[in-house]
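1. Coordinates for the following, if possible.
(one chain, ligands or ions: 1)
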Amino acid sequence: MSLYKQYPLSVQNNLTKQKEQFEPLSEGKVGMYVCGPTVYSDVHLGNVRTFSSFDIVYRYLTYLGYKVRYVRNITDVGHLVGDADEGEDKIAKKARLDQLEPMEVVQKYTNGFHDVMQLFNLLPPSIEPTATGHIIEQIEFIQKIISNGYAYEVDGSVYFDVKKYNEDQPYGELSGRNVEDMMSNTRELTGQDQKKNQLDFALWKKAQSGHLMKWSSPWGEGFPGWHLECSAMSTKYLGLDFDIHGGGMDLKFPHHEAEIAQNKGCSGHGGAKYWIHGNMLTVNGRKMAKSEGNGFTPEELLTGNHKLLDRGYSAMTVRFFMLMSHYASTLDFSNEALQAAEKGYKRLMASVNLIEKLPAAGSGNVDQTKSAEFKGIIEKVLTDLSDDFNTAKAIASLFEVSSRINSFYQNPSDLAVIDKAIFDETIKHFRGVISDVLGLRNEVVGGQDAEVLGGVMDVLIELRKQAKFSKNYALSDKIRDDLKEVGVQIKDEKGGEMSYSID
Ligand SMILES: [Zn+2]
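-> Reported below is the predicted structural model:
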């Protein structure tokens, strides 16, 4: 039986505002679209959190046995400064300032984005389409919307007619906004405006003279509006109806709302069935933003080279830290939280590494009750993950498996009574969830962390053999600290001998 049948998934659907049983449109397959980065600057940690959240969604769906097509775009044109319809294109602006070709800017920051994704062990999507690679599809999309009466052209630019659309379909259903309220809250149009209504948004913008990124279209030379690319590319690769659409919470309005309107205005189909949004990252309770001076880059985080950081933290520590909260909750970044995550991560990985040193399970009189209870812990992990991808709860249960492993190591007789098949199945999922779902790996083989962890394991084995140290054996403070982090307390005893305990 497929794992997804055994552990049915529920998701918080922001379109219906309900937690729903997840049922893909076609059995065993999932189509997922996630809004990718606009590649005009370095990725900051808030972006990493958003993409990590959907990395977990992708990984867990795959782990459950679904065949997933994951599309995450690269926005390389059309995203204007200020996120609205006026102002310079973000990429063109950066190209002007740095005296580069726009495509050099795009390449530079796309490469940087990929490096960061790899560093934090995010899987690449199945398809990573770019907006500039889909100009024809976007033009065709606009033509259909115009012919359906939901868009109009003014002097080489095309706008989506929100008021007209709203007569037939509710605009604002995702963000819970009401068109009348929004209209009364927007400024009056002046004679200068091309739009019929302030809520209308650009599908195509006429290129002014000197504009760097432009293409021919039925309306003259111009470029596509920012919202349009996601409608055109999700339709092209996932169809008129698909399963999941994701993105950061800040994209819900207007970007995602506009996407739904464009899709329905074009074909009558709304696109995704489930809309999922990742929450933001705060720093000491304040929103992470470059303007606040608290938005650090992954590099600053690793080196500790930022005034808000006590020291550097490894990529896996940061990944683990992000998994310690549910994707839909805000996550507060602090040195204390990072240090706690570092301990947790090391502890979990130490128990993964300890598995190989365990004697065989089921070598004694198998106790079915104890075996079933052990199995129950890993079932809880999977049930937690199937509850709207709740990594926070799942990690708490993983720690329970981890402390069992530690105690089996200390008392092999407890392991002897566990049914071997149950033990193997539990360990298979324990390892699978940690590496395939949570994406945690042993940090850099040969690097300092691996050495420390390896050292800790060697010391543990030695301790286990001897149960005490000889008089002349002195542990360095560093090893003591590392042992403490994985739950081994070294107690000094009289006569220079030492004893230890593992919790
Ligand atoms: Zn998008």
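2. For the rest of this, base every contact and every neighbour count on C-alpha atoms.
-> Fine.
3. Let me see the mean pLDDT of the one helix or strand residue 350 maps to.
-> Assessed by DSSP states H and E, residue 350 sits inside helix 335-354. Taken as a whole, helix 335-354 has a mean pLDDT of 94.
4. in it, what's buried?
-> Residues 335, 338-339, 341-352, 354 are the ones in helix 335-354 that count as buried (16 or more other CA atoms under 10 Å).
5. and which of those is nearest the ion?
-> For these, the minimum distance to the ion (CA to the ion) is 30.6 Å, reached by residue 338.
6. Report all helices and strands that the helix holding residue 350 contacts.
-> helix 315-323, helix 391-410, helix 448-466, helix 477-485 (3 or more CA pairs under 8 Å, 6 or more residues apart in numbering; DSSP states H and E).
7. Where among those helices is average confidence lowest?
-> Mean pLDDT, when computed for each of these, is lowest for helix 448-466, at a mean of 51.
8. Now for the closest residue to the ion within the chain, how many residues are close by?
-> Minimum separation of the chain from the ion (CA to the ion) falls at residue 35, amounting to 4.0 Å. Here the number of neighbours of residue 35 (other CA atoms under 10 Å) works out to 22.
9. How is the residue nearest to it when sequence neighbours are not counted assigned, secondary-structure-wise?
-> Closest residue to residue 35 apart from its sequence neighbours, by CA to CA, 6 or more residues apart in numbering: residue 247 at 5.3 Å. Here residue 247 is recorded as strand under DSSP: H, G, I helix; E, B strand; the rest coil.
10. Excluding covalently adjacent residues, which one is nearest to residue 439?
-> residue 121 (6.3 Å).
11. Show me which residues of stretch 294-308 are buried.
-> In stretch 294-308, counting by 16+ other CA under 10 Å, buried: 294-302, 304, 306, 308.
12. what sits against residue 175?
-> 15, 252-253, 257 (CA atoms under 8 Å, 6 or more residues apart in numbering).
13. Weed out the non-buried ones from those residues.
-> 252, 257.
14. what two of the contacts of residue 175 are the furthest from one another?
-> 15 and 253 (12.3 Å; CA to CA).
15. ok, residues contacting stretch 349-361?
-> With CA under 8 Å, 6+ apart, stretch 349-361 has contacts from 402-403, 405-406, 408-409, 412, 415-420, 423, 431, 441-442, 453, 457, 486.
16. Pull up the distance across that stretch, start to finish.
-> From its first residue to its last, stretch 349-361 covers 21 Å (CA to CA, to the nearest Å).
17. Can you give the distance from that stretch to the centre of its chain?
-> Offset of stretch 349-361 from its chain centre (CA atoms, centre = their mean, to the nearest Å): 29 Å.
18. Helix 391-410 and the following helix or strand past the helix holding residue 350, what's the angle between them?
-> The helix or strand immediately downstream of helix 335-354 is helix 368-386, counting by DSSP H and E. On the basis of axes from the mean of the first three to the mean of the last three CA atoms, to 10 degrees, helix 368-386 is oriented at 150 degrees to helix 391-410.
19. Please look at residue 260 and residue 271 and confirm they touch.
-> Yes. The criterion here is CA atoms under 8 Å, and residue 260 meets it with residue 271 at 6.7 Å.
20. what two of the buried residues of stretch 294-308 have the greatest distance between them?
-> 294 and 302 (15.2 Å).
21. can I assume residue 59 is in contact with residue 436?
-> Yes. With contact defined as CA under 8 Å, residue 59 and residue 436 form a contacting pair (6.6 Å).
22. Compare these two (neighbour count), which wins?
-> Using other CA under 10 Å as the criterion, residue 59 and residue 436 rank with residue 59 on top: 20 against 17.
23. Can you classify that one by secondary structure?
-> Residue 59 ends up helix, using three-state DSSP.
24. Which residues are in contact with it?
-> Residue 59 neighbours (CA under 8 Å, 6+ apart): 436-438.
25. repeat for residue 267
-> 144, 240.
26. tell me, how many neighbours does the spatially closest residue to residue 238 that is not a sequence neighbour end up with?
-> Leaving aside its sequence neighbours, residue 238 sits nearest to residue 31 (CA to CA, 6+ apart; 6.0 Å). By other CA under 10 Å, 23 other residues sit near residue 31.
27. Show the pLDDT at residue 31.
-> Reported pLDDT for residue 31: 98.
28. can you check the one 3 residues further on too?
-> Per-residue confidence at residue 34 stands at 98 (pLDDT).
29. wait, doesn't it sit right on residue 246?
-> Yes. Counting by CA under 8 Å, residue 34 does reach residue 246; the two are 4.6 Å apart.
30. who touches both of those two?
-> Joint contacts of residue 34 and residue 246 (CA under 8 Å, 6+ apart) are residue 54.
31. got the phi/psi numbers for residue 122?
-> phi -90, psi 140 (degrees, to the nearest 10).
32. Give me the distance between the residue nearest to it when sequence neighbours are not counted and residue 33.
-> Distance criterion CA to CA, 6+ apart; nearest residue to residue 122, sequence neighbours excluded, is residue 55 at 5.9 Å. Residue 55 sits 12 Å away from residue 33, going by CA to CA.
33. who's more crowded, the two?
-> residue 33 (30 against 22).
34. Quick check: phi and psi at the more buried one.
-> Torsion angles, degrees, to the nearest 10, at residue 33: phi -120, psi 130.
35. is it true that it touches residue 241?
-> No. Applying CA under 8 Å, one finds residue 33 not in contact with residue 241, separated by 11.3 Å.
36. Local confidence estimate at residue 101?
-> What the model reports as pLDDT for residue 101 is 89.
37. please renumber so the chain begins at 496
-> Got it, the first residue is 496 from now on, which makes the last one we talked about residue 596.
38. hey, what's the residue nearest to residue 530 bridged with?
-> Beta-bridge pairing of residue 742 under DSSP bridges involves residue 772.
39. Let me know whether it touches residue 542 as I believe.
-> No. Using CA under 8 Å, residue 742 is not in contact with residue 542; the gap is 10.0 Å.
40. So these two - more neighbours on which side?
-> Ranked by neighbour count (other CA under 10 Å), residue 742 and residue 542 place residue 742 first, with 23 against 17.
41. residues in contact with the more buried one?
-> 529-531, 545, 771-773 are the contacts of residue 742 under CA under 8 Å, 6+ apart.
42. What does the closest residue to residue 757 other than its chain neighbours show for phi and psi?
-> Leaving aside its chain neighbours, residue 757 sits nearest to residue 726 (6.8 Å; criterion: CA to CA, 6+ apart). When read as degrees, to the nearest 10, the backbone of residue 726 gives phi -60, psi -50.
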